[in-house]
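J.: Fold the following.
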Amino acid sequence: MATASQPVASESVLRKILLSYFYVSIWIFLSFTVIVYNKYILDPKMYDWPFPISLTMIHMGFCSSLAFALVRIFRFVDLPSCMTSSLYFKSVVPIGALYALSLWFSNSAYIYLSVSFIQMLKALMPVAVYSTGILFKKDNYNSSIMLNMLSISLGVAVAAYGEARFDVWGVTLQLAAVAFEATRLVLIQILLTSKGISLNPITSLYYVAPCCFVFLALPWSVVELPRLRTMTAIQPDLVTFGTNSLCAFALNLAVFLLVGKTSALTMNVAGVVKDWLLIAFSWSVIKDTVTPINLFGYGIAFLGVAYYNHVKLQGLKAKEAQGEKKPTSAQETDEEAGELLRNIDGRELGEDQGDDSKA
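T.: You can find the predicted model right below:
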């Protein structure tokens, strides 16, 4: 009996492993595609569409429409019943404003910086999230964790020192995007998870994308609309922008699939693999200059991020071990999963929508 069941169990484990690799591959491919596609559209040496706000608004409009169809027409997911208009304006609107700023600045950085260097700067996300968490009293100060954060910062500083195409304005934009994104992720935990509201990527887009579109319209009308009116020769390619927006939305579904079918840790590990692949692609295909000092600095930051994720995983395992003796609420489980997911550096469009409340 045991002998007969053993091959069945082995096949089940193998199937789960293969499915996990399949989900990871889809997410890495789509995340990779969105980053490179955005770079292609915005870079003056490539497609040369120097309007990051307009591009982001196209994404948000497209994602809003598809999210509405999936929620209201096809009933693909259910909306949280406790979401009221008051809660929406108190919680979702500030998150949408921060997300608009994060996307605006992050996409703008592609005009000035290489893909590889942007990925290196994104390694600062755990530092920004932890610092913001302390500021909002969501995390407690810990000297060992702060030392780890300083090692990550040192690694990024070394990578920046060795950057051949260092641009002060581009770095400023990307660091601002990281700061806004970190604040957004902390606010999601404080304002939504603490109220028992769990948003997956689709419902996040349903609530946040229209709000983000409105906030982006304000700077767009001042910064880019006057320029667009004077540049009559520019005609956006519907195929290019349509497929780009579709990839961005598909990435949200991939996040939903990956985190729902595997785990937050799996996505963190996959994110590290994706970063190294992007750096290699940027160097070999796009021909961006990647110096040895770049790689050395990012290697230090990478080890710091890996150790931070390891510590968070051990904390999550300890909570689970206690949960076997003492029941753990769904809210506490969401918050612990969020501790891992908040460190994902997917600041390309849409990758982080609702990740920190779904596991």
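J.: low-scoring stretches of the stretch 201-350 of the chain, by residue?
T.: Low-confidence segments of the stretch 201-350 of the chain (pLDDT under 70): 232-234, 256, 259-269, 320, 323-350.
J.: Do you have the helices of it handy? List them.
T.: Using DSSP state H, counting those that start in this stretch, the helices found in the stretch 201-350 of the chain span residues 201-223, 225-230, 238-261, 264-284, 292-325, 330-341.
J.: Please convert those to TSV, extending it with distance to residue 112.
T.: In short, each C-beta sits where N, CA and C put it, glycine included. Shown next, in TSV, are those (distance: least, C-beta to C-beta, whole Å):
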stretch	distance to residue 112
helix 201-223	16
helix 225-230	17
helix 238-261	20
helix 264-284	14
helix 292-325	16
helix 330-341	29
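J.: Give me whichever of these is most buried.
T.: For the helices of the stretch 201-350 of the chain, the largest average neighbour count (mean count of other C-beta atoms under 10 Å) is found in helix 201-223, namely a mean of 21.
J.: Return the list of helices and strands in contact with that helix.
T.: In this structure, helix 201-223 makes packing contacts with helix 52-68, helix 93-109, helix 238-261, judged by 3 or more C-beta pairs under 8 Å, 6 or more residues apart in numbering; DSSP states H and E.
J.: average pLDDT across the first one?
T.: Pointing back at helix 52-68 there. Averaging pLDDT along helix 52-68 gives 94.
J.: Go ahead and name everything in contact with whatever helix or strand comes next after it.
T.: As assigned by DSSP states H and E, the chain's next helix or strand after helix 52-68 is helix 85-87. With C-beta atoms under 8 Å, 6 or more residues apart in numbering as the test, helix 85-87 has contacts from 195, 197.
J.: how far is stretch 154-171 from where the chain is centred?
T.: 21 Å (C-alpha atoms, centre = their mean, to the nearest Å).
J.: Identify the residues contacting it?
T.: 109, 111-114, 117, 120-121, 123-124, 288-289, 291-304.
J.: which stretch of helix or strand covers the closest residue to residue 112 other than its chain neighbours?
T.: Excluding the flanking residues, the one nearest residue 112 by C-beta to C-beta, 6 or more residues apart in numbering is residue 170, at 2.9 Å. Here residue 170 sits within helix 168-187, counting by DSSP H and E.
J.: Give the buried residues for that helix.
T.: Within helix 168-187, the residues that count as buried by 16 or more other C-beta atoms under 10 Å are 170-171, 173-187.
J.: between that helix and helix 201-223, what angle do the directions make?
T.: Interaxial angle, helix 168-187 versus helix 201-223 (axes from the mean of the first three to the mean of the last three C-alpha atoms, to 10 degrees): 140 degrees.
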